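Colleague: Kindly return the folded structure for what I paste below:
(chains A and B)
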Number of protein chains: 2
Amino acid sequence: MRDILPADKARRERVLSVIRERYLAHGFDEIETPAVEEYDRLHAGIGGDNEKLSYNILRRGLDAEAIAAGAGDPAALSDLGLRYDLTVPLSRFYASNRGQLPGVFRAIQIGPVWRAERPQKGRYRQFMQCDIDIMGDDTSRAEAELLVASLDALDALGLTGATVRINDRRVLDWMLDSFGFAIEERPGVLITIDKLDKIGPDGIVAELRERGATASAVDAFDAFLRRPQTMEYNPFGERQIRKALPEGAPDEIVAHLVGIGEAVAVGGGTSSPEPVEGAIPLVFDPFLVRGMGYYTGTIFELAHPSVSYSLGGGGRYDGMIGRFLGQQVPAVGFSLGFERLVDLVELDADADSSSVVLVHDADVPVAELVAHKAALLRSLSPSKGRVRLERRVKNFKALLERSAADGYNAFATVSVGAEPGTLEIKPLA
Amino acid sequence: MRDILPADKARRERVLSVIRERYLAHGFDEIETPAVEEYDRLHAGIGGDNEKLSYNILRRGLDAEAIAAGAGDPAALSDLGLRYDLTVPLSRFYASNRGQLPGVFRAIQIGPVWRAERPQKGRYRQFMQCDIDIMGDDTSRAEAELLVASLDALDALGLTGATVRINDRRVLDWMLDSFGFAIEERPGVLITIDKLDKIGPDGIVAELRERGATASAVDAFDAFLRRPQTMEYNPFGERQIRKALPEGAPDEIVAHLVGIGEAVAVGGGTSSPEPVEGAIPLVFDPFLVRGMGYYTGTIFELAHPSVSYSLGGGGRYDGMIGRFLGQQVPAVGFSLGFERLVDLVELDADADSSSVVLVHDADVPVAELVAHKAALLRSLSPSKGRVRLERRVKNFKALLERSAADGYNAFATVSVGAEPGTLEIKPLA
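Modeller: Numbers count the residues shown, from 1 in each chain, chains lettered A, B, ... in the order given. Below is the predicted model:
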């Protein structure tokens, strides 16, 4: 975990406020759930590998005897844990509060999650997630609203030109079935397919054979991967989807994907005053898998030409809320990779702001300093002015440079007895 | 702990953004520390009673044998815990990052803390704290800047007329010394004095006698409490402070308090274009104690005429950073009681915002809906417009009422084939 210092924190808050504003604009409502959830809920088998990475909180009030007795049973020692994602808590939230929520509920969640991962460069055990989800809508409108809102947020952050790789878990399942993979071997096959970007088609086929997957099915898959393909360009739509799949893909699933594309095509560029014409920013990828086991339909991943890694993703998880509510409710979500976005985005501090450093001699009485600061604050824009007092130091230039680095754009000097409101404000270089 | 639903979350975010804006205006910098700190740090004896209320995280990688072996030793089972305040983490932050921080560092911290308290009405085990602190300044400028900024934030929230009860731990210590209480009995005496508001002077004296405090000291204290007092009004200042104390209060401490008052007097009303004339919003209270043992100097508590309870408080804790850094650094902080403020403040949603609910017939294709929404978003203010799609339901009136309650102020209806950008927008009642 890490400390976040002022310049970094300011940049994070700027990025968050842009994302929040765009998501609110698209009719989503922000909610908040506790950082801590019940142990049983976090370990109900829906969090996938993240369940193993959860931080468990020691049950309170246990004496040494009770701890020794429960030593082999995590649930006896722990009744609470830190959330490892925002999706499991959201499903619990929806089940708990459904009576007070609209029939179609569009949620924004922005908050930290914790995973006890081995720290890698640039990754931390506490990190921010930034999710939107729509519950109660099983039509492609839900996916379209998620994608349009998220692409709009990216545009507003200056990351235009993002695209979304899209697939459907049911497509994957149908495709594996059509090749002849048995139901029980499909989860393992998907884990292998998920490596396509890394090891290529030959690597995939080799790994499937090693795994001992049904030989005839691997042959059929191999043949499909090696099929002759024309290089003609097809924009996103039914033709592209059908050409990327074996013959006979189910009409209903294809229509759902096509519907998302049509809607995203007309919804683009809502941040700009005029509609943005251009290619649909969707790419059908029949081998997109997404790790989480809870996905039941559409899945997507956000890509941007400036980086090789994904900037977010999500999908449909129509089964999860039923686990908590005892009644099925369709749900689909999209998670922005906030920590990656923050590193990528260059959002300057508001150029309109008037941020003044008041550099004072050491002998100016406190009341005079505060009076100068107050007079100056009154003269600046109420929502954008900033004033900071700094005692004069020998290295005046370094003081001004550090102030500029902290986002201040002007300064004034103060000596004993100066009249508040009469200081000369000079620009910082 | 609790879920925060949309209307409540929106109000909380509005209050937070006002507080954040005012604190930034006064030259403070926002930082963030992890929610989780090391167990040893959280239990170093500086968190007072809160240490006992901390949630401890089960050390990862312990097998049943190791757990059984460590059953009697909390530190063997737990290496991390959830923070119970923002002050201990800030001191650790300052010690860790001092080289990258300015000589006088003004910090804003806004974030959740956790305490395993028995839940009372309106109180939760996870709650927000909202602190500002100044490190590296031992003059009254630091206290004055904290108080002026916090009173300004309260003004901006519409809570004008707040006052600050102020005292100094050294005044308390000097006073108890002058009555004749021995050093070792003073912490207990302070616990009793802290109840003055509840049990009155007679209750205090009786409890001190019960406690078996030095009899002659209790007599002297009793006599001081019963001394004849004139009812003449004294504004905050040296005269008021000296009259409220036994003879001979130390000049240096009195001067420090007077200096704070002079500065707060000229710093008030920075949110308004003109200086606000009026009484200094400080009240000297020689019996203000504040619970935390780490306070070393000035202590304060925020009061508002509309409520009987405190809305925040803080004080000087010049010794704490030295615990982490091995070098003394003066520090003083002020914590707003955010959860109480949120309940008190009425901040309406921005009246300028144009929030439109698009009510559509069930048969309008998804792409048409998204096109209508996009066209409307483009026509609204980029930072304030909001558009939400709602499917028409039988009880149209209830739908509009719920939309108004959610902060929407206009609506339009959409049928199949309507041209995007041509919808008639009607105000919501």
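
Colleague: now the strands for the stretch 51-200 of chain A?
Modeller: Ranges of strands within the stretch 51-200 of chain A are A:56-58, A:78-82, A:105-114, A:126-135, A:163-168, based on DSSP state E, counting those that start in this stretch.

Colleague: As JSON lines, the ones you listed with mean pLDDT, distance to chain B and mean neighbour count would be great.
Modeller: C-beta: built from backbone N, CA, C; applies to glycine. Putting these into JSON lines (pLDDT from 0 to 100; distance: least, C-beta to the nearest C-beta, whole Å; neighbours: other C-beta atoms under 10 Å in any protein chain shown) gives the following:
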{"stretch": "strand A:56-58", "mean pLDDT": "93", "distance to chain B": "5", "mean neighbour count": "22"}
{"stretch": "strand A:78-82", "mean pLDDT": "94", "distance to chain B": "6", "mean neighbour count": "23"}
{"stretch": "strand A:105-114", "mean pLDDT": "97", "distance to chain B": "6", "mean neighbour count": "22"}
{"stretch": "strand A:126-135", "mean pLDDT": "97", "distance to chain B": "5", "mean neighbour count": "22"}
{"stretch": "strand A:163-168", "mean pLDDT": "95", "distance to chain B": "15", "mean neighbour count": "23"}
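
Colleague: So for B:D40, which of these sits nearest?
Modeller: Proximity to B:D40, assessed across the strands of the stretch 51-200 of chain A by C-beta to C-beta, is greatest for strand A:56-58 (15.2 Å).

Colleague: Can you name the residues of the stretch 301-429 of chain A sitting close to chain B?
Modeller: Within the stretch 301-429 of chain A, the positions adjacent to chain B are A:365-367, A:369-371, A:373-375, A:377-378, A:380, A:382-383, A:385-391, A:393, A:402, A:406, A:420 by C-beta under 8 Å from any C-beta of the partner chain.

Colleague: make it 6 Å
Modeller: Proximity of the stretch 301-429 of chain A to chain B is confined to A:366-367, A:370-371, A:374, A:377-378, A:385-388 under the rule C-beta under 6 Å from any C-beta of the partner chain.

Colleague: how far does the longest helix along chain A sit from the chain's center?
Modeller: Secondary structure assigned by DSSP state H gives helix A:6-25 as the longest helix of chain A. Taking C-alpha atoms, centre = their mean, to the nearest Å, the mean C-alpha location of helix A:6-25 is offset from the chain mean by 13 Å.

Colleague: Just the buried residues of that helix, please?
Modeller: A:6, A:9-16, A:18-25 (16 or more other C-beta atoms under 10 Å in any protein chain shown).

Colleague: picking that back up, which among the strands of the stretch 51-200 of chain A is found nearest to B:S54?
Modeller: Proximity to B:S54 (C-beta to C-beta) singles out strand A:56-58 among those, at 10.1 Å.

Colleague: Contact partners for the nearest residue to A:D285 once chain neighbours are set aside?
Modeller: Closest residue in space to A:D285, ignoring its immediate chain neighbours: A:R165 at 4.4 Å, by C-beta to C-beta, 6 or more residues apart in numbering or on different chains. Shown in contact with A:R165 (C-beta atoms under 6 Å, 6 or more residues apart in numbering or on different chains): A:283, A:285, A:288, A:301.

Colleague: From those, pick the one nearest chain B.
Modeller: Lowest distance from chain B to the contacts of A:R165 (C-beta to the nearest C-beta) belongs to A:V283, with 18.7 Å.

Colleague: Per-residue pLDDT of the spatially most central residue of chain A, please?
Modeller: Closest to where the C-alpha atoms of chain A average out (C-alpha atoms, centre = their mean) is A:L336, at 2.0 Å. The per-residue pLDDT reported for A:L336 equals 96.

Colleague: can you check A:A279 too?
Modeller: The model reports A:A279 with a pLDDT of 71.

Colleague: Surely it forms part of a helix?
Modeller: No. Read with DSSP: H, G, I helix; E, B strand; the rest coil, A:A279 is coil and lies in no helix.

Colleague: need the helices for the stretch 301-429 of chain A, in chain order.
Modeller: In the stretch 301-429 of chain A, the helices defined using DSSP state H, counting those that start in this stretch lie at A:320-325, A:338-344, A:366-379, A:396-405.

Colleague: Among those helices, which comes closest to A:F236?
Modeller: In terms of C-beta to C-beta, the element of those nearest to A:F236 is helix A:338-344, at 23.9 Å.

Colleague: Need the contact partners of the closest one.
Modeller: The contact list for helix A:338-344 (C-beta under 6 Å, 6+ apart) reads A:12, A:15, A:127-128, A:130, A:311.

Colleague: Can I get that helix in PDB? Just the C-alpha atoms.
Modeller: The C-alpha trace of helix A:338-344 is given here as PDB (Å, rounded to 0.1, in the frame of the first residue of the first chain):
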ATOM      1  CA  PHE A 338      -8.600   3.900 -12.600                       C
ATOM      2  CA  GLU A 339      -5.000   3.400 -11.500                       C
ATOM      3  CA  ARG A 340      -3.900   2.900 -15.100                       C
ATOM      4  CA  LEU A 341      -6.000   5.900 -16.300                       C
ATOM      5  CA  VAL A 342      -4.500   8.200 -13.700                       C
ATOM      6  CA  ASP A 343      -1.000   7.400 -15.000                       C
ATOM      7  CA  LEU A 344      -2.000   8.000 -18.600                       C
END
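
Colleague: can you give me the offset of that helix from its chain's centre?
Modeller: On C-alpha atoms, centre = their mean, the centre of helix A:338-344 falls 9 Å from that of its chain.

Colleague: Taking the stretch 101-250 of chain A, what residue is nearest to chain B?
Modeller: A:R141 (4.4 Å).

Colleague: Give me the buried stretch members for stretch A:386-405, please.
Modeller: Under 16+ other C-beta under 10 Å, the buried positions of stretch A:386-405 are A:386-391, A:399-400, A:403-404.

Colleague: The residue in the stretch 1-150 of chain A positioned nearest to chain B: which element?
Modeller: For the stretch 1-150 of chain A, the residue closest to chain B is A:G27, as judged by C-beta to the nearest C-beta, at 3.0 Å. Using DSSP states H and E, A:G27 sits within no helix or strand.
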